[in-house]
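In: Let's see this in three dimensions:
(2 chains)
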Amino acid sequence: MKRRDFFKQTLPASVTLPALLNGFSVKAFTGASPLVQALMGTATDTDKVLVMIQLNGGNDGLNMVIPIETYSNYYNARANIAIAQNKILALNGTSKTGLHPSMTGLQTLYNEKKLAIIQAVGYEHPNFSHFRATDIWMSASDSEQVISTGWIGRYLNIEYPNFPNGYPTAQMPDPLAIQIGSVANLAMQGPAFPMGMTISNVNGNYLFLDEIGDPPTANTPWGKELTYIRMIMGQTEKYSNVIRAAAAKVTSQGSYPSGNDLAQQLKIVARLVKGGLKTRVYMVSTGGFDTHSSQVEAADTTVGTHARLMARVSDAIKSFMDDLKGLGVDDRVIGMTFSEFGRRIKSNSSLGTDHGAAAPVFVFGKNVRSGIFGTNPTIPTGAGGNDNVPYQYDFRSIYASILKQWFCVNDNDLQTIMLKNFQNIPLCVNAACGATGVDDVIRGDGEQLIVNYPNPFVERTSITFNTKGGHTLVQVMDTMGRVIKTLTDKVYTSGTYTVSFDGYGLPLGVYYARFQNGATQQVRPMLKTR
Amino acid sequence: MDRREFFTLKRRAKATSPKPYAGLRQIYSGLTPYTGTWTVKEVSHLLKRTMFGAKKADIDYFLAMTPSAAVDALLNVPTGLPAPPLKNYDNTGIDATDGDIAVAQGATWVNTVSDDGTANGNRVNSLKSWWIGNMINQDRSIREKMTLFWHNHFATETIEYERGTYGYRYNTLLRESAVGNFKKLVKDMTLNIAMLRYLNGYLNTNTAPDENYARELQELFTLGKENNPNYTEDDVKAAARVLTGWRIKKEDETIFFNANQHDRNSKTFSSFFNGTVIAGRSDAAGAEAELDDLINMIFAKSVEVSEFIVKKLYTWFVYYTIEPDTITNVIKPLAQQFRDGGWEIKPVLATLLKSEHFFDILSQGCLIKSPIEMIVMMMREFDVAFPADYENQYYMWDYLRSQATTMQQNLFDPPSVSGWPAYYQVPQFYEMWINHDTMPKREMFIDLLIVNGYTRNNVKLIIDPVAFTENSFPTAVILDPNTFIDAVLDILYRVPLSATVKTNIKTQILLLGQYDDHYWTNAWFTYIGDKTNMAGYSAVFNRLQPFYKYLMNLAEYQLA
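Out: Numbering: from 1, shown residues only, chains lettered A, B, ... in the order given. As a prediction, this is how the structure comes out:
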């Protein structure tokens, strides 16, 4: 029996039980405690949500979180765009670091202990290309490593391994992840399918034609594309009703600034969270951060393009947080901002900054451990055109910490998702994660077509699959999408079969067993360990 | 491999090389000229990939040629330019002193400098509409498709450079270079006013070099980012220094060289470029010579440049999966031809488009139409009637532009300097066009165009299902619902429908649930016997409209 089922069946809400749970006495908690509610899995309060805010173009972190401590070096490196020291917004409890003058909303959140600032987030061998750097952040790869899946996609694939076969299900009737906008992105890409849904309008609905078309020939490129389009059509229809219903439940919301695209996207997120969607991850984005030129006005460096961008971000997050509080769901939501890179320490003569390296990340929410993580970036005296902010925190440590502390992902799964071990930064508080692993009920959801045992494995593992008959393919791929081994590739009669995979000599890490039967596909992550 | 061979042959016993994820192709054909069957299907494939859609009249035109002659004809692009975009807006909100005021409505604005924000906003919309119009009214050549290819390759955004005139000069360069010399285009693009403005070349100065263009020149325009080894960060900085000093004179929109802002020191490049040193020079001619040196140095990495561009052409015209067999059989020999031929685009396209590989069954039907392709193809293939006067034409083109934008393809304003993700984002590529937001938008657009039409200024843009049927197919073909469906599918679809599905469509839609083909035959007879009889007309209209709507609503319609 799963741990959660056990509690569901044996623990009445109002009674305390002298049992031990990972060393905690459950007696210490009443039925109203978050821990018990989390274990019960019945209250919507346990549905934690992560909101990712992407700042497209490479944000100038040094003019956002300003190192007052080394102000003169900061000023000398970028005199034409530096923020005057007396204009920098102060933060409670520190005189070393302040915020861009347009970020009054985030200043308030910080002083209310709802904002964490993580200094100099980046990775080794930073890449300066927009699209490669964006891919690195979305896939959570090393700088030199090309990975064709996204970190959120891998997380959701661990949680809902059978998706999309048989989905939506009773346990998970809602989209796994929602991206507000019209462009899907790599972060939500699972090993074989996009795990997220892309929407711009919560009231959108379209009745697609029933699938009377022929089953495509899966081994042709057109068969692959046709299957994909039909899958999107099917999902859109299934999920558009639940999204509309959730949106319709929320009739009043807090105010959001108009003319702020980020605020308008976050407003949709607040509405869907309050409306009861079980969706775990939302992604929103806003652009214009590639400020090679004219990022400030020459006459007053506190106004101009970058000031408007900073205000957009700050105002949007503040109104979102206020709204979540008003809706009574602020316990459930944390968010983080990120950009593909920061910008150069030294400004250029066009009142702008060129592509750089590390930059600060904000993590916000009622359950965030507020404060400043790390130290101000070192700015050399007389910074040259090549000087960059070196990274203090790997961006993947933030992802991993959130998965572990907010979504209760256990260490084994965490390694499968993040592809290696990363530093744990104490970023957020979720009592449930202190005591239990992830909700494993949902893992049985959908139609399971392929499993392996043991997993993790040392050298060999057995892969069992369930084919409807006809041509069936089982391949093992690495994280770069390369086929390592084709285990079977032939016609079967319907039934359950087992093949063996020998991973002797392969590097430790994550592999995917990919099952393909006609138009149906499913992948199973497998972890090779010592 | 031809279609029959594909469906009858057993799978090849052993793949010669490991297949990449989602590749699923076992395609071994190469660049040998295609000599297989030449039917409506193959012509339709060629036209859907090289033009915007396969119009029936165009199919008939090219069907009369050999495959090789058809490709040559498509590559024989006209030298003249289309008539320039017109002032389709009034002077409301434009500063009284601005040059645009003097341009008469209905005249072109491209020769008049304007600094006014409102005027330029209107000009940009005029320009975008105009390009849609050019696509719809394209001649029988590859030019418009290649112009869009180059726009995706050398991406710029009006939202950055703002001026309509810049956009027109940029688009004109792309169109004039459609099948020209790539190396020349790289140089021309470097000093193009829109690009100079877009990637900050006009601000690039010796005291603080701006690396924006220098980086993209290497990463996105010529070498790509996946070479090993590759250019270094220092090469980006050195290239930026080579490119310092070029300026824009906004008053008359000329480009000039400011020697005082040019870096006259010599520039040393990394071992990737064999430690090339470009000597610093001081006047405009010298700076241009430095630019030539820079481009020569980059193009000396001829394998990298040629393979990068050939792969981009392949992804645009064939498919996005390039497995090892295709590298060997297609990419490498084409790249060799490209560099041996002095960077001429036309012969490379000729080889690719005439090849067995291009006509391989596994190269067909797998391209997901971009929003622009879906919209313009629909207009052309259904021969949708447009108003004759410029004002209403621009209204309609503008509507189509806005629809493509909501489906995520905003002409003249791609999302970034990388172009549209459908042509580079691993692993989804074309699938990036289709998601839960854009798919319903495509369907709603289809429904509007076939059912109610889009009306503006009392003019309606709508698909006429009866006229299309009548103008496209011989009466004998239309009279038999079975041959009729096949003939329609040959134009609209590039993937097969099974007999079961076709029978179902015939029975449910053309025969209104009955089982006798004569119901349809008689209806069409009645209609052509007396076209003034409204009952006869509506009988066929009421069958044909849902018939075409149905075909467009199926997922198959999204493929080309």
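In: Where does the prediction get shaky in chain A?
Out: Regions of chain A meeting the criterion pLDDT under 70 cover residues A:1-46, A:204-205, A:210-215, A:217-218, A:434-444, A:519.
In: those helices in it, which residues are they?
Out: For chain A, the helices defined by DSSP state H occupy A:3-10, A:34-40, A:71-77, A:104-111, A:130-139, A:151-159, A:221-249, A:261-274, A:305-327, A:395-405, A:411-418, A:431-435.
In: Let me know which of those is tucked in deepest.
Out: Highest mean neighbour count of these: helix A:151-159, a mean of 26 (counted as mean count of other CB atoms under 10 Å in any protein chain shown). C-beta here means a position set from N, CA and C on the backbone, and glycine is covered the same way.
In: still on that earlier bit, save the helices of chain A as CSV, and put in distance to A:Val65 too.
Out: Below are the helices of chain A laid out as CSV (distance: least, CB to CB, whole Å):
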stretch, distance to A:Val65
helix A:3-10, 40
helix A:34-40, 32
helix A:71-77, 11
helix A:104-111, 10
helix A:130-139, 18
helix A:151-159, 24
helix A:221-249, 35
helix A:261-274, 18
helix A:305-327, 10
helix A:395-405, 15
helix A:411-418, 25
helix A:431-435, 28
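In: I'd like to know which of the ones you listed lies nearest to chain B.
Out: Checking the helices of chain A against chain B by CB to the nearest CB gives helix A:221-249 as the closest, at 3.4 Å.
In: Just want the angle from the closest one to helix A:261-274.
Out: 80 degrees (axes from the mean of the first three to the mean of the last three CA atoms, to 10 degrees).
In: Show me what helix A:221-249 is packed against.
Out: Packing contacts for helix A:221-249, counted by 3 or more CB pairs under 8 Å, 6 or more residues apart in numbering or on different chains; DSSP states H and E, involve strand A:197-199, helix A:261-274, helix B:438-447.
In: Figure out which of the ones you listed is closest to B:Thr108.
Out: Closest approach to B:Thr108 among the helices and strands packed on helix A:221-249 is made by helix B:438-447 (29.9 Å; CB to CB).
In: Pop the domain breakdown of chain B in here.
Out: Using automatic domain parsing, the domain parsing of chain B gives B:1-180+B:303-366, B:182-300, B:466-558.
In: need those in a markdown table with mean neighbour count, distance to chain A and mean pLDDT, can you?
Out: Shown next, in a markdown table, are these (neighbours: other CB atoms under 10 Å in any protein chain shown; distance: least, CB to the nearest CB, whole Å; pLDDT from 0 to 100):
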| stretch | mean neighbour count | distance to chain A | mean pLDDT |
| --- | --- | --- | --- |
| domain B:1-180+B:303-366 | 19 | 3 | 91 |
| domain B:182-300 | 19 | 4 | 96 |
| domain B:466-558 | 17 | 4 | 92 |
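In: among the ones you listed, which is nearest A:Tyr228?
Out: Each of the domains of chain B has some distance to A:Tyr228 by CB to CB; the shortest is domain B:466-558, at 8.7 Å.
In: Could you double-check that B:Glu144 lies in contact with B:Gly53?
Out: No: B:Glu144 lies out of contact with B:Gly53 (CB atoms under 8 Å); the separation is 11.1 Å.
In: Point out the residues in the stretch 301-450 of chain A that sit beside chain B.
Out: A:Lys346, A:Ser347, A:Asn348, A:Ser349, A:Ser350, A:Gly352, A:Asp354, A:His355, A:Gly385, A:Asn386 (CB under 8 Å from any CB of the partner chain).
In: Tell me the one among the residues you listed nearest to A:Asn185.
Out: A:His355 (19.9 Å).
In: Could you work out the end-to-end span of stretch A:273-288 for me?
Out: For stretch A:273-288, the separation between the terminal residues is 28 Å (CA to CA, to the nearest Å).
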